[in-house]
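A.B. asks: Fold the following and give me the result.
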Amino acid sequence: MINWHETNDDLDTIWKRLVDALDLGLAGPLPPEVRADLDGFIFGALQGHGYQLNMGRGATMRTPSGLVIGEYMEALSEPSVDYAYDDDSVSTALNAMFTEAKGKAAELRCVCLAYYVRMAIPGGEPREITIRRTTEWQNKDAVAPPGTIEALAIDLEHRAGFAMAVYLPYNWDDSDKLHVGDLIAGPSHRRIWG
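C.D. replies: Purely as a prediction, here's the structure:
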């Protein structure tokens with residue numbers, strides 16, 4: 001069951017409330033500095049992608065993003081892909097961002113990749129997750145198939161040995177108003193420092 005929240009003009013307040021309520025203790029308690037890094041990434045991803053979602057269904061192309069923390073937080077390079085016409089552009093971009101982060105691993109302490117997915121409604125079947133294609137963005141009438149939801153996936157990995165995925169379910173009502181669900185966290189695989 002998803003607890004839905006209607007958005008308003010003050011998205012940062014919504015993101016902060018959702019991040020503060022998120023239980024990230026999947027593998028035991030997190031050291032405060034790790035929790036601070038992960039919270040910063042989650043909030044940053046919600047800010048960037050949330051404002052795009054708030055523009056309305058079909059208003060903007062939903063492209064992936066990557067952030068890293070070394071000395072400070074910075075964005076990963078934007079890969080040269082054709083999001084408008086290439087069905088594999090999201091996978092290509094995510095692989096390029098992952099490769100860039102892996103190449104900088106010695107200088108980094110945390111990596112975040114954010115992208116859009118469809119997944120089974122939580123609490124039902126095992127989570128089957130598929131990456132959304134950017135070529136679907138213009139179809140305003142596209143709705144998630146029964147039993148699935150759309151979500152922003154935020155993959156996080158910290159050099160201290162923590163890896164998790166956080167999902168922000170979202171949908172729009174008939175008047176194109178954005179609604180978001182509580183954040184959902186689950187374990188992930190260590191790939192950068194694994």
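A.B. asks: Could you point out the helix or strand that follows the worst-scoring helix or strand of the chain on mean pLDDT?
C.D. replies: The helix or strand with the lowest mean pLDDT-type score in the chain, counting by mean pLDDT, DSSP states H and E, is strand 129-131 (a mean of 80). Taking DSSP states H and E as the definition, the helix or strand that follows strand 129-131 towards the C-terminus is strand 148-158.
A.B. asks: thinking again about what came up before, what helices or strands is the least confident helix or strand of the chain leaning on?
C.D. replies: Here strand 129-131 touches helix 89-103, strand 110-120, going by 3 or more Cβ pairs under 8 Å, 6 or more residues apart in numbering; DSSP states H and E. Using the backbone N, CA and C atoms, a C-beta is placed for each residue, glycine as well.
A.B. asks: Need the winner for burial among the ones you listed.
C.D. replies: For the helices and strands packed on strand 129-131, the stretch with the most neighbours on average is strand 110-120, a mean of 22; neighbours defined as mean count of other Cβ atoms under 10 Å.
A.B. asks: neighbouring strands for it, and are they parallel or not?
C.D. replies: Next to strand 110-120 in the sheet, as set by DSSP bridges, lie strand 65-69 (antiparallel), strand 129-131 (antiparallel), strand 148-158 (antiparallel).
A.B. asks: ok now that strand, how far from the chain's centre?
C.D. replies: Distance of strand 110-120 from its chain centroid, counting by Cα atoms, centre = their mean, to the nearest Å, is 4 Å.
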